[in-house]
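Colleague: fold the following.
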Amino acid sequence: MNTTNDNLVKPTTWQDTEHDFPTALVWNLKKISASMASESTSNFTAQPSHAGPLTSCKDEDFLRVKFYLSIIYSLIFLVCFPGNIVTIFVYFAKMRPWKSSTIIMLNLAITDLLYVVTLPFFIHYFANGNNWIFGNFMCRFIHFCFYFNMYSGIIFLSCFSIFRFLVVVYPIKCLFLQKQRWAVVTCIVIWMISLVALSPLAILIFPKHKQNRTICPDLTDAEDLDTSRWYNWILTVFAFFLPLLTVTLCYVLIIYTLATGPHTGGCYKQKARRLAVVLLVVFYVCFLPFHVFRGVRLELRVRPAPCHLKKTIFLVFIMTKPLAALNIFGNLLLYVVSGDNFQQAILSLLKFRTNKNLKQKRLMPQKSYGGRVQTCCQPARHNLPAIGVQRLTLTVLKKS
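Modeller: Numbers count the residues shown, from 1 in each chain. Down below sits the predicted model:
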């Protein structure tokens, strides 16, 4: 970039706006159009260096949005740490014998807890002015936990959706999926795939010393830029967009099948709608913005673009990181809406009893089997329909 064009737009320093994060974001958005007009000639005629990002637009100043990140991560920790502890305890103590869906949800809760326990390190890091003091291993480990929670959670939710799709749409052919061993094998495979797929993070991410402090960078700031870009696209396509398409199609077909089934109860339709809403919100609201802006951020490191555009994209990307972590809130809600057993187990844990008015609203009386509570949406074991695919669907939904 020549010096003439560099001087066309002279932005104020980030230090002038660091204490007002929303103002800084609006200021950068207003500057984009003017910067693009003034820098278009030089930026799009000069070829960037293949060795790394353009040096005329530094990102270090933008790491000062520490209070925003610290507050959001603190809220996530305060809610989700006890929430996942209670969830795991309920699954172990109140939900036996386990169903296939229960096993998948239990593993999802364990991965969420693994990530939540690393949040205090992130909170300290951002509150301490982005100065990492916990060593090389912990820097790699907390980033690994973040991505492991994200992608293993995505795969668990995808498998959960596939299991439900098969037992609803093909109840007779897929009766074998009700056996616990299939869910156990599925979870073991997911853990192994996630560990192998995310192992490159141990090489790409490591602490760096800059401006008298130690930075613990994200994947978007890795030194090996070419490898990071290709690795990002592989993760985005195969570990996000493919599961996103799978979950969307599964629940569209589930809702359609239940809506057109003449013997499908209204409570099953309502449950399917709730599950679909929660899962799609987690994917489209929590995960989608993060993956989009992470990809844009990495591409802008090697492509010519106005400085203010790069800084604005970086700001938005920072905002999407805790948004992606909010999927844990969605998972906690998913445990509740995925079935009445979990709700009843929570009430049992808190020593609440169902009142008489609630019992009168039930289509069938509640019965307890070894600590498990059976509700109106779950047919009694001794009253299984003898024939009919639609009636058999009601039975296998109970076990899914």
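
Colleague: so where's the stretch 51-200 of the chain shaky on pLDDT?
Modeller: Filtered on pLDDT under 70, the stretch 51-200 of the chain yields the residue ranges 51-66.

Colleague: apply 80 and report the result again.
Modeller: Along the stretch 51-200 of the chain, the parts satisfying pLDDT under 80 run over 51-67, 96, 175, 177-178.

Colleague: give the burial count for T118, as a bare number.
Modeller: Neighbour count for T118, taken as other C-beta atoms under 10 Å: 19. The C-beta positions use only the backbone N, C-alpha and C, and glycine is treated the same way.

Colleague: so who does the closest residue to A127 other than its chain neighbours touch?
Modeller: Closest residue to A127 apart from its sequence neighbours, by C-beta to C-beta, 6 or more residues apart in numbering: S70 at 4.5 Å. Residues in contact with S70 (C-beta atoms under 8 Å, 6 or more residues apart in numbering) are 123, 126-127.

Colleague: can you list these in CSV and add distance to V296, neighbour count and secondary structure?
Modeller: What follows is these, written out as CSV (distance: C-beta to C-beta, whole Å; neighbours: other C-beta atoms under 10 Å; DSSP: H, G, I helix; E, B strand; the rest coil):
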residue, distance to V296, neighbour count, secondary structure
I123, 27, 19, helix
F126, 22, 22, helix
A127, 28, 16, helix
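
Colleague: what's the spacing between the residue nearest to A127 and D221?
Modeller: Distance, S70 to D221, using C-beta to C-beta, to the nearest Å: 19 Å.

Colleague: for I88, same thing?
Modeller: The gap separating I88 from D221 is 34 Å, by C-beta to C-beta.

Colleague: so which of the two has more stuff around it?
Modeller: Counted by other C-beta under 10 Å, I88 and D221 do not tie: D221 has more neighbours, with 21 against 15.

Colleague: check what pLDDT that one gets.
Modeller: With respect to pLDDT, D221 scores 89.

Colleague: check T395 too.
Modeller: Per-residue pLDDT puts T395 at 53.

Colleague: same check, this time on C376
Modeller: 46.

Colleague: likewise N5?
Modeller: Listed pLDDT for N5 reads 44.

Colleague: this structure: strands as residue ranges?
Modeller: Along the chain, counting by DSSP state E, strands occupy 208-210, 213-215, 367-369, 372-374.

Colleague: need phi/psi at A305.
Modeller: When read as degrees, to the nearest 10, the backbone of A305 gives phi -160, psi 150.

Colleague: and it, how far is that from I172?
Modeller: Using C-beta to C-beta, A305 is found at 56 Å from I172.

Colleague: who's more crowded, these two?
Modeller: The neighbour count for A305 versus I172, taken as other C-beta under 10 Å, is higher for A305 (22 against 10).

Colleague: what about F121, distance to F240?
Modeller: Counting by C-beta to C-beta, the gap from F121 to F240 is 25 Å.

Colleague: over to H124?
Modeller: 29 Å.

Colleague: mind checking pLDDT for the closest residue to E299 other than its chain neighbours?
Modeller: Leaving aside its sequence neighbours, E299 sits nearest to R229 (C-beta to C-beta, 6+ apart; 7.2 Å). Note on R229: pLDDT of 94.

Colleague: and if you look at F317?
Modeller: pLDDT recorded at F317 is 92.

Colleague: likewise R297?
Modeller: Residue-level confidence at R297 comes out at 94, pLDDT.

Colleague: just checking, it touches F314?
Modeller: Yes. Under the criterion of C-beta atoms under 8 Å, R297 makes contact with F314 at 6.2 Å.

Colleague: below-threshold pLDDT in the stretch 251-400 of the chain: ranges please.
Modeller: In the stretch 251-400 of the chain (pLDDT under 80), the answer is 261-269, 338-341, 343, 347-400.

Colleague: distance of the nearest residue to I103 once chain neighbours are set aside relative to L242?
Modeller: Leaving out its chain neighbours, the residue that sits closest to I103 by C-beta to C-beta, 6+ apart is A183, at 4.0 Å. Taking C-beta to C-beta as the measure, A183 falls 21 Å from L242.

Colleague: give me the more crowded residue out of those two.
Modeller: Higher neighbour count among A183 and L242: A183, with 24 against 14, using other C-beta under 10 Å.

Colleague: I'd guessed L201 sits against C145; true?
Modeller: No. Counting by C-beta under 8 Å, L201 stays clear of C145, with 10.0 Å between them.

Colleague: just give the nearest non-adjacent residue to I76, would you?
Modeller: Nearest residue to I76 in three dimensions, chain neighbours excluded: A325, at 5.5 Å (C-beta to C-beta, 6+ apart).

Colleague: what sits against the one you found?
Modeller: 72-73, 76, 115, 119, 146.

Colleague: one more: F160?
Modeller: For F160, the contact set (C-beta under 8 Å, 6+ apart) comprises 101, 104-105, 108.

Colleague: of those residues, closest to F165?
Modeller: Within these, proximity to F165 (C-beta to C-beta) peaks at S101, which comes in at 12.0 Å.

Colleague: hmm, the closest one is touching F163, no?
Modeller: Yes. Contact status for S101 versus F163: in contact at 6.4 Å, counting by C-beta under 8 Å.

Colleague: burial count for A93?
Modeller: 12.

Colleague: re the thing from before, isn't the residue nearest to I103 up against L106?
Modeller: No. Here A183 lies out of contact with L106, judged by C-beta under 8 Å, at a distance of 9.5 Å.

Colleague: quick check: neighbours shared by these two?
Modeller: With C-beta under 8 Å, 6+ apart as the test, A183 and L106 both reach W98.
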